[in-house]
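In: using only what follows, build the 3D model:
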Amino acid sequence: MVDKNTDFHLARKGRGAPSNGVSQRFNLQDREIDGDWLDEREWIGDSPAPLRTDVTTEFPKSIITYNQSPDLPFDRSINAYRGCEHGCVYCYARPTHAYHDLSPGLDFESRLFAKPNAADLLRQTFAKPNYQPDSLAIGTNTDPYQPIEKRYRITRQILEVMLETLHPVVITTKSSRVVEDMDLLAQLAAHQLTAVAISITSLDPQTARLLEPRAPAPARRLAAVRALSTAGIYVHVNIAPVVPGITDHEIEAIVAAAAECGATSISFIPMRLPHEVAPLFEQWLENHYPDRKAKVMSIVRQIRGGKRNDPGFHSRMRGQGPWADLIRTRIGIAARKAGVGKAKLKLRTDLFRRPLVKGSQMELF
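Out: Purely as a prediction, here's the structure:
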């Protein structure tokens with residue numbers, strides 16, 4: 001058994017974050033020395049024991065989150081889960097776990113929350129007389145098709161409500177599991193009510209495994225792009241994020257592969273490292289790419305105005321400076337050669353019909 005005070009930065013098998021790190025926000029304690037998961041930690045050879053996934057069900061009173069961000073193409077979203085088992089080390093959503101007194105590190109990818117009443121809450125919201133439909137985004141914070149969706153099927157239940165009410169919906173995911181809901185998505189697409197954005201960071205299986213340990217392999221994501229496109233569903237590929245010094249050399253190859261598989265449009269987002277994500281990512285670099293750490297972080301700072309992160313509207317999604325401009329130019333050239341463009345999709349809102357909910361006056365008619 002390892003002493004609990006030992007500095008613990010070795011990678012967990014199948015996990016992205018090297019540790020739970022330290023948060024200076026919300027009085028979160030250092031989980032390196034204060035976490036019950038440490039009680040089960042054992043050494044097996046030179047590797048720490050695998051970390052199991054725990055899921056807690058929660059029952060919120062509302063399900064739609066609204067935003068007024070000028071750099072997002074939607075004003076409302078749903079997240080069926082908190083935390084994400086994909087374990088992407090760069091995930092900008094990691095800091096949200098600190099609000100629950102949990103670590104943005106290993107806790108974020110192993111101590112998850114599911115909202116099994118999400119579809120019922122959504123139906124109640126849509127039934128309100130003052131609700132006005134507009135494109136609703138799924139997967140903006142944590143992936144709606146992460147592994148636990150296979151058990152809970154909350155995303156599918158949400159899509160069933162979308163089809164019932166003919167409400168427009170856009171899905172963002174890194175998972176090929178999205179094709180399991182092809183029957184619903186194809187029906188929505190027939191009414192111009194849906195689009196799917198699939199994130200592809202790297203085409204190299206080894207690189208992807210290190211960056212996104214529990215997300216489907218790149219080849220499976222490309223197969224999902226092809227399957228969705230063949231079914232008549234609008235598919236967008238987002239190179240998100242572009243990790244400088246690690247994946248940026250693959251830009252042209254990703255664009256070409258996405259186009260060959262039927263993607264209609266493509267975009268990119270430079271890597272963002274808010275709050276606790278920055279030290280976790282630097283720790284990950286030290287573990288996997290120590291020879292590149294200085295170079296990678298230097299480019300990150302150039303893209304982010306001299307800092308590790310830039311939270312400013314517009315610039316947070318685009319980056320700034322010569323490196324960001326170069327990435328943008330390369331993607332533009334590659335996209336023109338491949339015959340794909342920027343996303344230009346307008347989903348319909350005029351087909352929306354309010355659902356019947358138990359106890360509503362509409363039940364009388």
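
In: which SS class is residue 15?
Out: coil (DSSP: H, G, I helix; E, B strand; the rest coil).

In: hang on, isn't it packed against residue 107?
Out: No - with contacts defined as CB atoms under 8 Å, residue 15 does not count as touching residue 107, sitting 10.8 Å away. C-betas here are computed from N, CA, C, even on glycine.

In: and the two? which has more neighbours close in?
Out: residue 107 (25 against 21; other CB atoms under 10 Å).

In: the more buried one in helix, strand or coil?
Out: Going by three-state DSSP: residue 107 is helix.

In: just the helices in this protein please.
Out: Counting by DSSP state H, the chain has helices at residues 106-110, 118-127, 149-152, 154-165, 182-190, 205-211, 218-230, 251-260, 277-288, 293-303, 315-318, 321-338.

In: neighbouring contacts of the last one?
Out: Helix 321-338 is contacted from outside by 239, 242, 244, 248, 251-252, 255-256, 258-260, 266-268, 270, 299, 302-303, 305, 318-319, 341-342, using CB atoms under 8 Å, 6 or more residues apart in numbering.

In: in it, which residues are buried?
Out: 323, 324, 327, 330, 331, 334, 335, 338 (16 or more other CB atoms under 10 Å).

In: go on, the second one?
Out: When neighbours are counted by 16+ other CB under 10 Å, the buried residues of helix 118-127 are found to be 118, 119, 121, 122, 123, 124, 125, 126, 127.

In: what do you get for the third one?
Out: Of the residues in helix 149-152, those with enough neighbours to count as buried (16+ other CB under 10 Å) are 149, 152.

In: relative to residue 213, how far out is residue 206?
Out: To residue 213, residue 206 is 11 Å away according to CB to CB, to the nearest Å.

In: the more surrounded of those two?
Out: The neighbour comparison of residue 206 against residue 213 (other CB under 10 Å) goes to residue 213, with 20 against 8.

In: list the contacts of that one.
Out: 14, 15, 16, 86, 87.

In: grab the nearest non-local neighbour of residue 180.
Out: Nearest non-adjacent residue to residue 180, counting by CB to CB, 6 or more residues apart in numbering: residue 156, 7.8 Å away.

In: my guess is the one you found contacts residue 181. True?
Out: Yes - here residue 156 reaches residue 181: they are 5.4 Å apart, a contact under CB under 8 Å.

In: so between these two, which is more surrounded?
Out: Applying other CB under 10 Å to residue 156 and residue 181 shows that residue 181 carries more neighbours, namely 21 against 17.

In: residues near the nearest residue to residue 225 once chain neighbours are set aside, how many?
Out: Excluding the flanking residues, the one nearest residue 225 by CB to CB, 6+ apart is residue 261, at 4.2 Å. The number of residues packed near residue 261 is 21, by other CB under 10 Å.

In: and residue 55, bridged to which residues?
Out: Under DSSP bridges, the beta-bridge partners of residue 55 are residue 112.

In: meant to ask about residue 267, not that
Out: Counting by DSSP bridges, residue 267 forms beta bridges with residue 238.

In: circling back to that earlier point, the helices of the chain: which one's closest to residue 80?
Out: helix 154-165 (4.0 Å; CB to CB).

In: and the closest one, which residues are buried?
Out: 154, 155, 156, 157, 158, 159, 160, 161, 162, 163, 165.

In: hmm, the last one is touching residue 354, no?
Out: Yes - applying CB under 8 Å, one finds residue 165 in contact with residue 354, separated by 6.9 Å.

In: need the overlap of contacts for these two.
Out: In contact with both residue 165 and residue 354: residue 126, using CB under 8 Å, 6+ apart.
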